[in-house]
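J.: Here you go, sequence then predicted model.
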Amino acid sequence: MLYVDGKWVEEGQAAVQPEDRGYNFGDGIYEVVRIYKGRLYQWDAHLTRLFRSAREIKLALPWSAEELTQLAKELLLKNNITEQDDATLYLQISRGAAPRIHDIPSGIKPVIMAFVRPKARPVEDLKKGWTAQLVEDIRWLRCDIKTLNLLGAVLVKQYAKDAGAQDSILHRNGIITECSSANLFAVKNGELYTHPADHLILHGITRQVVLDLAKANGIVAHETVFDIAFLKQADELFLTSTTAEIMPLVSVDGEAVGNGQPGPVTARLQALFEQHIHDSVLV
Ligand code: PMP
């Protein structure tokens with residue numbers, strides 16, 4: 001069952017208005033939330049980010065945090081998600097439908113849509129890591145907003161795939177920003193480096209969890225800009241996202257990162273993350 005604009009509908013029965021601005025302009029916002037063992041993971045952080053994205057695009061949400069939480073819980077129930085299940089919840093809010101003009105029509109009513117999908121954890125990949133390709137960051141200058149406008153992300157991911165890699169590492173004028181749908185961390189001499197949470201990257205929830213875990217466990221982390229030369233001599237690289245978790249990157253442009261295997265700091269953070277997920281599922 002999907003939730004579309006106030007109604008529960010069966011798969012395949014959802015309809016989009018031709019002039020829905022999400023559809024015409026990518027004018028809307030979204031969140032992808034992890035469900036571990038039938039439980040919403042980091043739900044409050046996702047809600048906070050959703051409300052921030054809404055504010056930043058001048059979209060007044062007619063739903064309270066409590067109503068959205070109720071909706072998420074109902075979605076899990078209606079889709080028979082149990083404590084056996086790992087899944088993702090997709091929630092999007094478009095600005096709504098109105099005759100097609102660029103500026104924001106007055107009186108427009110936002111359209112909400114949400115569904116869940118089974119999603120196993122990437123356990124094998126977490127051990128092996130992914131390959132990466134450096135790609136120019138061609139996205140817009142408000143990457144901190146989780147907008148439906150994802151064509152830049154689509155293209156940079158495809159450029160990496162076309163080059164034979166599994167994901168892209170993006171750079172803007174030689175400064176490393178993030179990956180196509182994940183944040184990037186470099187490890188040098190046992191310390192972490194990641195781009196500051198400004199307008200050039202999405203403020204990833206997994207990124208923040210990693211920074212918190214690092215702090216709590218005596219791993220020094222720097223939220224600072226670094227360039228391609230720094231990236232290329234890093235001891236380890238990994239990306240972070242809701243679905244890819246803490247994914248080692250073992251090569252960039254065909255050149256091995258470190259010895260070409262996931263490194264010890266990445267492995268340690270993965271172990272800390274594993275424990276953290278376990279603990280948060282218990283509460
Ligand atoms: N950066 C970008 C561009 C993303 O799309 C995402 C989300 N997939 C992330 C980073 C990671 O964010 P999170 O950890 O909240 O999933």
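T.: That came through, no problem.

J.: Please identify the residues of this protein in proximity to the ligand?
T.: Contact residues (C-beta under 6 Å from any ligand atom) of the chain with the ligand: 153, 178, 181-183, 202, 204-207, 240-242. Any C-beta I mention is one placed from the backbone N, CA and C, and that applies to glycine too.

J.: wait, what's in contact with Thr224?
T.: Listed by C-beta atoms under 8 Å, 6 or more residues apart in numbering, the contact set of Thr224 reads Tyr193, Thr194, His195, Pro196.

J.: one more time with 7 Å, if that's ok
T.: Counting by C-beta atoms under 7 Å, 6 or more residues apart in numbering, Thr224 touches Tyr193, Pro196.

J.: cool, the one 3 residues further on as well?
T.: Applying C-beta under 7 Å, 6+ apart, we find Asp227 in contact with Gly174, Ile175, Ile176.

J.: Serialize the residues of the chain next to the ligand to a markdown table and add fields for neighbour count.
T.: Converted to a markdown table, these look like this (neighbours: other C-beta atoms under 10 Å):
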| residue | neighbour count |
| --- | --- |
| Ala153 | 18 |
| Glu178 | 26 |
| Ser181 | 20 |
| Ala182 | 26 |
| Asn183 | 24 |
| Leu202 | 21 |
| Gly204 | 25 |
| Ile205 | 24 |
| Thr206 | 23 |
| Arg207 | 23 |
| Thr240 | 25 |
| Ser241 | 22 |
| Thr242 | 21 |
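
J.: Now list the buried members of the contacts of Asp227.
T.: For these, a burial check counting by 16 or more other C-beta atoms under 10 Å picks out Ile175, Ile176.

J.: Return the closest of the contacts of Asp227 with respect to the ligand.
T.: Nearest to the ligand among those is Ile176, at 12.7 Å by C-beta to the nearest ligand atom.

J.: and the closest one, helix, strand or coil?
T.: strand (DSSP: H, G, I helix; E, B strand; the rest coil).

J.: Not counting its neighbours along the chain, what's nearest it?
T.: Leaving aside its chain neighbours, Ile176 sits nearest to Leu231 (5.3 Å; criterion: C-beta to C-beta, 6 or more residues apart in numbering).

J.: Is the one you found in a helix, a strand, or coil?
T.: Note that with three-state DSSP, the state of Leu231 is helix.

J.: wait, doesn't Ala132 sit right on Ala165?
T.: Yes: Ala132 is within contact range of Ala165, at 5.4 Å (criterion: C-beta atoms under 7 Å).

J.: what about these two, which has more around it?
T.: Ala132 (27 against 22; other C-beta atoms under 10 Å).

J.: ok, now which ones touch the closest residue to the ligand within the stretch 51-200 of the chain?
T.: Relative to the ligand, the nearest point of the stretch 51-200 of the chain is Ser181 (3.8 Å; C-beta to the nearest ligand atom). Ser181 is in contact with Ala153, Lys157, Ser241, counting by C-beta under 7 Å, 6+ apart.

J.: repeat that for 6 Å
T.: Ser181 makes contact with Ala153, according to C-beta atoms under 6 Å, 6 or more residues apart in numbering.

J.: likewise Ile112?
T.: Applying C-beta under 6 Å, 6+ apart, the residues near Ile112 are Ile93.

J.: give me the element it is part of.
T.: strand 111-118 (DSSP states H and E).

J.: Check Thr69 too.
T.: Using DSSP H and E, Thr69 maps to helix 65-78.

J.: same thing with Arg55?
T.: Assigned by DSSP H and E, Arg55 belongs to helix 43-56.
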